[in-house]
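Participant: predicted model and sequence below, questions to follow.
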Amino acid sequence: MPVIIENRVTSGTFSLDGGTWDVDNNVWIVGDESECVIIDAPHDVATIVEQVGDRKVLAVLLTHAHDDHITVARELAARVGSLVHLHPADLELWQLTHPGTEPDRFLADGQEFTVAGTVLKAIHTPGHSPGSTCFHLESEGTVFTGDTLFQGGPGATGRSFSSRPTILASIRERLLTLPPETVVRTGHGPDTTIGAEAEALAAVTA
């Protein structure tokens, strides 16, 4: 059975460093008609659960722990009977939204998740946040980049817990090494490709 990649957009706010902004977030669901994983858990449990339907959810994978990506992670995992996975370097950010708790599982660089007969591989890409993680679905020629790489360049690094030199190094060393035709599915906004972003980043300096 072929792998299905689905997108739902949820709307809410992002808050950090005393500011709050309205945002639309991409939620990615990867699997087939019987099982799936969910990438990110923003804003609206009902919308995500509706998209999942009666499929078995093998994991809730978080690209990073800014509140607009994890707000409903706990509730979502409980609703679908699954576990939340996050890189440990983002634990401090996680606890700003979910005080006194930890995610169910900590992600490791290179960790693999098998779903629908294929493999999602975690790639640690710090910079936007210390624990930012992308998920490479090599069989389908795509990578889910959260807020690390967008159409038009790197994610934001102007707030706490972020570093522009670090995100540029992560993108160049961990993402631009993927085939140029790889589709980049982002945490906000439209898709792009590795090739398009490699060209755009060629002249960018830290």
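Facilitator: Perfect, thanks for sending it. In this text the structure is predicted, and so the values were computed from the model without any measurement. Numbering: from 1, shown residues only.
Participant: now for Pro180: which residues touch it?
Facilitator: When the contact criterion is C-beta atoms under 8 Å, 6 or more residues apart in numbering, the partners of Pro180 are 193-195, 198. Glycine gets a C-beta too; all of them are placed from N, C-alpha and C.
Participant: which of these count as buried?
Facilitator: The neighbour-count criterion (16 or more other C-beta atoms under 10 Å) marks 193-194, 198 among the contacts of Pro180 as buried.
Participant: name the nearest of the contacts of Pro180 relative to Thr97.
Facilitator: Ile194 (30.6 Å; C-beta to C-beta).
Participant: could you check how far that closest one is from Thr20?
Facilitator: Computed as C-beta to C-beta, to the nearest Å, the Ile194 to Thr20 distance reads 32 Å.
Participant: do Val57 as well
Facilitator: 30 Å.
Participant: so between the two, which is more surrounded?
Facilitator: Here Val57 and Thr20 are set side by side on neighbour count (other C-beta atoms under 10 Å), and the busier one is Val57, at 22 against 10.
Participant: so the more buried one makes contact with Val80?
Facilitator: Yes: counting by C-beta atoms under 8 Å, Val57 does reach Val80; the two are 4.0 Å apart.
Participant: contacting residues around the residue nearest the centre of the chain?
Facilitator: Here the mean C-alpha position of the chain is nearest to the C-alpha of Thr63 (C-alpha atoms, centre = their mean), at a distance of 2.9 Å. When the contact criterion is C-beta under 8 Å, 6+ apart, the partners of Thr63 are 39-40, 69, 132-135, 144-148, 187.
Participant: joint contacts of Val57 and Val80?
Facilitator: Ile38.
Participant: in the sheet, who's paired with the closest residue to the residue nearest to the centre of the chain other than its chain neighbours?
Facilitator: Spatially, and ignoring its direct neighbours in sequence, Thr63 is nearest to Gly146 (2.6 Å; C-beta to C-beta, 6 or more residues apart in numbering). Note on Gly146: beta-bridge partners by DSSP bridges are Thr186.
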